[in-house]
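Trainee: Quick check, what structure comes out for this input:
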Amino acid sequence: MKVSKLLLMLFSVSFIFATCEKRDDDKYTYKTTKLTHGGFDFSENQQEPSYENSDGDIVPWSPVTEVQGNNELWYRPNYDIDADNSQKDMGAVSLESISEAPSSYDADLAPLQKDHCYVVKCFDGYAKFKVLEIPGNTSDFENWWVKVAYEFSDDGHFEH
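Mentor: Predicted coordinates for the structure are as follows:
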């Protein structure tokens, strides 16, 4: 009787572990922040850095075409970084699946999308980020932000 209970318990525990699934993004805890119109320095994890250190900011218009969106936001690189060759929409993938910066970037930038991952060129390296949250109404300056999880790399190879 004790042996059958023990076997049943072992089977139950094995079944539970076999059916549990861990998302890729759960294996590593990324830094999170709100990217805003005030700019952000990925290497220093700093909001509203000096112009010389800002990697980019958030705007409600395309940095390439300057066409304003309807409740849409774009990541705009600092003016010293070429806007039409500075970022890549990697799609709705896990952040952990991106191990290095891409060899080519998007020429025509689309608005940021929730759950999409992006790789962007920075002044002193590269950053990958996943959009976690976008405000609903971007007509107000206070809503020019997106919440992201990110990792910075000085050489384009990401650790996680």
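Trainee: End to end on stretch 75-94, go ahead and measure it.
Mentor: End-to-end distance of stretch 75-94: 19 Å, with CA to CA, to the nearest Å as the criterion.
Trainee: Stretch 73-92 now?
Mentor: End-to-end distance for stretch 73-92, by CA to CA: 17 Å.
Trainee: what do you get for stretch 132-143?
Mentor: 15 Å.
Trainee: show me what contacts the closest residue to residue 92 other than its chain neighbours?
Mentor: In space, not counting the residues next to it along the chain, residue 92 is nearest to residue 115; the distance is 5.0 Å by CB to CB, 6 or more residues apart in numbering. Heads up, the C-betas are built off the backbone N, CA and C, glycines and all. With contacts defined as CB atoms under 8 Å, 6 or more residues apart in numbering, residue 115 is in contact with 92, 130-132.
Trainee: Buried among the residues you listed? Make that a PyMOL selection.
Mentor: In PyMOL, this line selects whichever of these come out buried by 16 or more other CB atoms under 10 Å:
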select buried, resi 130+131
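Trainee: now, which of the contacts of residue 115 sits nearest residue 143?
Mentor: residue 131 (14.5 Å; CB to CB).
Trainee: what residues are up against the closest one?
Mentor: 112-118, 146-148.
Trainee: Backbone dihedrals for it, both of them.
Mentor: phi -80, psi 120 (degrees, to the nearest 10).
Trainee: Quick one, grab the pLDDT at it.
Mentor: Confidence at residue 131, expressed as pLDDT, is 98.
Trainee: Residue 42 too?
Mentor: On pLDDT, residue 42 comes in at 98.
Trainee: Alright, calling it a day.
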